[in-house]
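K.L.:
coordinates only, sequence not included:
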């Protein structure tokens, strides 16, 4: 069994109270099969409340979208955050809403990232193509909603290891550290900071269920540009207008606004 430790909350402090003294609990493990599975097991035992999280050093069976294998070397950040099952997390808006919170938390630490709909975070260097730096995977089991979060802290897969249809190449925070003046973090210290900032942003917004969308739209990659959305063999192209109230992607297609809730987004070939 891996060694487990967790952060402590002040006596009597609860997420429901949402006071300034509340600190979300973090359970830390060594190597596990899946961070999401570990978090689900803790939640089933009543040990993981909303905004509590699990962080692990590495995974042997990490997974991404469509249950693709997520390579999990030591040094990167692997966490599973329990979310409250209330708006906007009780709908398809959950992924971009969590992405917005994570992007905002990273921005406070000096990394300027954008939200690639629906669940990736990317960095955009001057004159360079966007590169993926983090991904989010949502899973609900028995009324427990978990956000699996992976951040490339010190390692990113090279282009030849990415799947053939990947929309973007990847990078890591350590590469970005070389060009901007920020403090280098371990994955453990970074997650403790990020989860506190995410929770603070959530409780600090009096109308988060309504206000998350405008903030997410301000971070939306390729907003105002021509994009294509692929869902299996079906491809639609249009002008990216923003997000719908349900978190879907709004495209202007020949003057008609349509909302899509799934698909793989990329820039239209003509604009690359």
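P.N.:
Yep, that arrived. On a predicted model such as this, the values are computed, not experimentally measured, just so you know. Residues are numbered from 1 along each chain as shown.

K.L.:
Below-threshold pLDDT in the stretch 151-272 of the chain: ranges please.
P.N.:
Along the stretch 151-272 of the chain, segments meeting pLDDT under 70 span 159-166, 177-185, 270-272.

K.L.:
in it, which spans are strands?
P.N.:
Along the stretch 151-272 of the chain, counting by DSSP state E, counting those that start in this stretch, strands occupy 169-170, 226-231, 234-243, 249-253, 256-260, 264-267.

K.L.:
Neighbouring strands of the fifth one in the sheet, and parallel or not?
P.N.:
Its sheet considered, strand 256-260 pairs with strand 249-253 (antiparallel) by DSSP bridges.

K.L.:
ok, residues contacting the strand it pairs with?
P.N.:
Residues outside strand 249-253 that contact it (Cβ atoms under 8 Å, 6 or more residues apart in numbering): 117-118, 227, 229, 236-244, 257-261, 263, 265. For every residue, glycine as well, the C-beta is placed using N, CA and C.

K.L.:
Using neighbour counts, trim these to the buried set.
P.N.:
By neighbour count, with 16 or more other Cβ atoms under 10 Å, the contacts of strand 249-253 hold 117-118, 227, 229, 238-244, 258, 260, 263, 265 as buried.

K.L.:
right, so of the strands of the stretch 151-272 of the chain, which gets closest to residue 55?
P.N.:
strand 169-170 (20.6 Å; Cβ to Cβ).

K.L.:
mind listing what that closest one pairs with, with the direction of each?
P.N.:
strand 131-141 (parallel).

K.L.:
average model confidence for the partner strand?
P.N.:
For strand 131-141, mean pLDDT rounds to 94.

K.L.:
which parts of that strand are buried?
P.N.:
For strand 131-141, using 16+ other Cβ under 10 Å, the buried residues are 131-138.

K.L.:
Among the residues you listed, list the two that are farthest apart in space.
P.N.:
Farthest pair in those, by Cβ to Cβ: 131 and 138, 22.7 Å.

K.L.:
quick one: the closest residue to residue 142 other than its chain neighbours and residue 152, what's the gap?
P.N.:
Nearest non-adjacent residue to residue 142, counting by Cβ to Cβ, 6 or more residues apart in numbering: residue 44, 7.2 Å away. Distance, residue 44 to residue 152, using Cβ to Cβ, to the nearest Å: 30 Å.

K.L.:
neighbour count winner among the two?
P.N.:
Ranked by neighbour count (other Cβ atoms under 10 Å), residue 44 and residue 152 place residue 152 first, with 24 against 12.

K.L.:
so who does that one touch?
P.N.:
76, 132-134, 170-173.

K.L.:
Ignoring the adjacent residues along the chain, who's closest to it?
P.N.:
Using Cβ to Cβ, 6+ apart, the closest residue to residue 152 is residue 172 (3.8 Å).

K.L.:
My read is that that neighbour contacts residue 156, right?
P.N.:
Yes: using Cβ atoms under 8 Å, residue 172 is in contact with residue 156, at 4.3 Å.

K.L.:
After the host helix or strand of residue 42, heading C-terminal, what element do we hit next?
P.N.:
In the assignment (DSSP states H and E), residue 42 maps to helix 35-44. The element immediately downstream of helix 35-44 (helix or strand, assigned by DSSP H and E) is strand 53-59.

K.L.:
can you state the direction angle for the helix or strand that that following strand is followed by and strand 131-141?
P.N.:
Sequence-wise, the next helix or strand downstream of strand 53-59 (DSSP H and E) is strand 77-83. With axes from the mean of the first three to the mean of the last three Cα atoms, to 10 degrees as the basis, strand 77-83 and strand 131-141 are set at 40 degrees to each other.

K.L.:
Show me what counts as buried in whatever helix or strand comes next after strand 77-83.
P.N.:
On the C-terminal side of strand 77-83, the closest following helix or strand by DSSP H and E is helix 94-108. Using 16+ other Cβ under 10 Å as the test for burial, helix 94-108 gives 94-106.
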